[in-house]
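Undergrad: for reference, the sequence and a predicted model appear below.
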Amino acid sequence: MMGQDPSYGGARLLTRALAGWGRARTADCTLLDRPAFDTAGGLIAHGAGRSYGDCALNGGGGVLLTGGMDQILDWDEASGLVRVEPGVSFAQLLARFLPLGFMVPVTPGTGFASIGGAVANDVHGKNHERAGSFGQHVTSLDLLTPDGGQHTIGPDDDLFRATVGGIGLTGIMTSISFRMQRVAGPAMLVRSQPCGDLDALLAAMAASSQATHSVAWIDGTATGRHLGRGILETAEPGAAAERPAPPGRRITVPFDFPSFALNPLSVRAFNEVYYRRVPKAGRTEILHLSKFLYPLDALLRWNRIYGRRGFYQFQCVVPFEGAAGALRDLLELVARSRRASFLSVLKRMGSGRAGYLSFPRPGLTLALDFPARAGMQAFYAKLVERVLAYGGRIYLAKDALLTGAEFVKMYPEWPACRAVLERVDPHARMQSDMRRRLGL
């Protein structure tokens, strides 16, 4: 906190340094308690702070914190239709509706993310190939736009398509309606299968493409004949004879790790232990669905593991055609760089997407974390070059280093989105560090 300022147009102002979840990008922002589109430096909404980069930061401008907008407004058990404010979290919905036999149909990898953030980034989950993106389950949005408009919009509206996945640039959402999914209970039948190299892992993922949920951890340090080895997890929701235990007490990382803690040797050792935790024959167990969906939520403030300078996450998707070659190129580049990723995740994606700037496309998505160290911009550019060569794209919710020229190549529907922005925000009052970085 850096000091208090007088009110601006009736909105409370407070200047504070905000950061993305990766903590490598920070910005001094003016915090507001209500939408004020005429705020100096523009305005952006900021939810739970789980976007990794700078899409919800606005250095020198206004930020509307939506965490206080956390009410469940309407619920219809017969249809499963729920209407919520944008600050409601996935964990909040799980606690409220799982006892009633419902869960959110699509969820990102943390329950702490907000529903507003899920719409703004059109998030996907471990069931994307079967269930599509979150935005595809949204039936309507209430939106305030900088031109003074108040809109209720649905999937057939171009403003809806510019808002879902549109990184917050169309305005401020005030409510979101979507359908919950019925489930038999909190149990997940989870199968874990170790795979000794990339070819084996990709073959196992293809063979399991009909699983309801599927995700693979991949060893970013492995080289040679073990390149791309990993553990595939598939899961099916359903009833169980015994009620699975919910997550236990959470552990908090109490301080920033020193910068030397994550080095090639320590990361390699962790990956070796993690790979060998599953027997060669595999393992089947019944877990509480939150343990499967949100494994890292058991470790609060885990981003501190990367030290005070934070980290960058690189997440791409590459088309199925050529995906094996693309992943091999990326993993070999990472191995040669000795910037081994502490946590690497691989998932299959289908065609589901709801917005002009939505990330998903049919293919494989790879997520890698890298400590923020010297030379990261140049290294990131090399990774992006490989992604572009294979016809892929980068996930804006995770990005902090992409350039405008690279963005335009990856998102061919940007002109359609830009036309909507020019209509509802002709003076570009919705602003963020990402918008300025990409030249949008």
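TA: That came through, no problem.
Undergrad: test my guess that M434 contacts G59.
TA: No: the pair M434 / G59 is not scored as a contact, 10.9 Å apart, by C-beta atoms under 8 Å. (Glycine included, C-beta is placed from N, CA and C.)
Undergrad: so between those two, which is more surrounded?
TA: Neighbours of M434 and G59, each counted by other C-beta atoms under 10 Å, are more numerous for M434; the result is 27 against 19.
Undergrad: what about that one, which helix or strand?
TA: In this assignment (DSSP states H and E), M434 forms part of helix 433-438.
Undergrad: list the helices and strands that helix packs on?
TA: helix 404-410 (3 or more C-beta pairs under 8 Å, 6 or more residues apart in numbering; DSSP states H and E).
Undergrad: can you list contacts of the helix it packs on?
TA: 384, 387-388, 392-394, 414, 437-440 (C-beta atoms under 8 Å, 6 or more residues apart in numbering).
Undergrad: try stretch 106-113
TA: Contacts for stretch 106-113 (C-beta under 8 Å, 6+ apart): 47-48, 50, 89-91, 94, 118, 123-128, 131-134, 136-137, 290, 293-297, 345.
Undergrad: any quick ChimeraX command for the buried ones out of those?
TA: Buried residues within those, by 16 or more other C-beta atoms under 10 Å, are selected in ChimeraX with:
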select :47,48,50,89,90,91,94,118,123,124,125,126,127,128,131,132,133,134,136,137,290,293,294,295,297,345
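Undergrad: in helices, which of the contacts of stretch 106-113 fall?
TA: 90-91, 94, 118, 128, 131, 290, 293 (DSSP state H).
Undergrad: redo those residues as JSON lines? Include pLDDT.
TA: Below are these laid out as JSON lines (pLDDT from 0 to 100):
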{"residue": "F90", "pLDDT": "98"}
{"residue": "A91", "pLDDT": "97"}
{"residue": "L94", "pLDDT": "97"}
{"residue": "A118", "pLDDT": "98"}
{"residue": "H128", "pLDDT": "98"}
{"residue": "A131", "pLDDT": "97"}
{"residue": "S290", "pLDDT": "95"}
{"residue": "L293", "pLDDT": "96"}
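Undergrad: from those residues, which is closest to W217?
TA: L293 (14.7 Å; C-beta to C-beta).
Undergrad: list the contacts for the closest one?
TA: Applying C-beta under 8 Å, 6+ apart, the residues contacting L293 are 107, 109, 111, 125-126, 213.
Undergrad: return the subset of the residues you listed lying in strands.
TA: Using DSSP state E, the subset of the contacts of L293 located in strands is H213.
Undergrad: what two of the contacts of L293 are the furthest from one another?
TA: Spanning the widest gap among the contacts of L293 are G111 and H213, at 15.0 Å by C-beta to C-beta.
Undergrad: tell me the domain ranges of the chain?
TA: 72-183, 187-243+254-402 (automatic domain parsing).
Undergrad: which of these sits most buried?
TA: domain 72-183 (a mean of 21; mean count of other C-beta atoms under 10 Å).
Undergrad: packing partners for the one helix or strand L201 maps to?
TA: Secondary-structure assignment from DSSP H and E places L201 in helix 198-207. Packing partners of helix 198-207 (3+ C-beta pairs under 8 Å, 6+ apart): strand 187-195, strand 213-218, strand 230-238, helix 323-337, strand 344-349.
Undergrad: hmm, back to that, which residues are contacting the helix holding M434?
TA: 25, 27, 53-55, 57-59, 167, 169, 396, 399-400, 402-404, 407, 440.
Undergrad: and the angle for the helix holding L201 with strand 344-349?
TA: Here the directions of helix 198-207 and strand 344-349 differ by 40 degrees (axes from the mean of the first three to the mean of the last three C-alpha atoms, to 10 degrees).
Undergrad: got the angle between helix 198-207 and helix 323-337?
TA: 140 degrees.
Undergrad: sounds good, over and out.
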